[in-house]
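Enquirer: Prediction below, plus the sequence it came from.
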Amino acid sequence: MNWSKIQQKRLLIEKEILKKYFPAFKWVNPTDSSNTRIEGNVCTNSMKLYTLRVYIPSDFPNSRPDMVVTLPYPLEGCSGNDLKDYGASSSMHTLDPRDGYVQICHYKDWTDNLTVYLVVLKGRIWLEAYEAHKRTGQPLDHFLPHMLGGAENS
């Protein structure tokens, strides 16, 4: 299924914004509205590399994109457990896994003026909190009390 003309125009804008701020991200299946996603590496302040994937919904920008961490896999919590085991957790700012990956909770109230760039930015912030969790054992909501909506709000 192809994107509508209005969606194509919006996706061009999205691509330009993302290219400027997150040039490592690539569009996968950009003409197929049933399978479009972006993938790219994010380097945290501690110089650790992660790969994020954002699934672009077929009715974008009307629906919120899903975002997962694909690498490292599995994504381990502070005690070495698989973070997917938390499922939908407001304290960890995660949703139920998607495609076997940890799904990051972002934007409890999605609106069509939010951008893919902002989704990736939230992923970057989440990764910093995740690393703090690994160092301290504190849940992510200790570091992100108001930055990302909890799972119950997404």
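Expert: Sure, I can see it. Numbers count the residues shown, from 1 in each chain.
Enquirer: Under a three-state scheme, what state does the closest residue to Trp110 other than its chain neighbours occupy?
Expert: Take Trp110 and drop its neighbours on the chain: the residue closest to it by Cβ to Cβ, 6 or more residues apart in numbering is Arg64, 3.6 Å away. Bear in mind the C-beta positions are built from the backbone N, C-alpha and C, glycine included. The three-state assignment at Arg64 reads coil, by DSSP: H, G, I helix; E, B strand; the rest coil.
Enquirer: Quick check: Arg64 touching Lys108?
Expert: No: in terms of Cβ atoms under 8 Å, Arg64 does not count as a neighbour of Lys108; the distance is 9.0 Å.
Enquirer: ok so, going back, pLDDT value on the residue nearest to Trp110, please?
Expert: pLDDT, Arg64: 96.
Enquirer: ok so, going back, who's more crowded, Arg64 and Lys108?
Expert: Arg64 (18 against 13; other Cβ atoms under 10 Å).
Enquirer: Tell me where the chain has strands.
Expert: Assigned by DSSP state E, the chain shows strands spanning 26-28, 37-43, 49-55, 66-71, 94-98, 101-104.
Enquirer: Of all these, which one is nearest Gln138?
Expert: Among the strands of the chain, strand 94-98 comes nearest to Gln138, with 14.9 Å by Cβ to Cβ.
Enquirer: what about the helices in the chain?
Expert: In the chain, helices defined by DSSP state H lie at 5-21, 116-136, listed in chain order.
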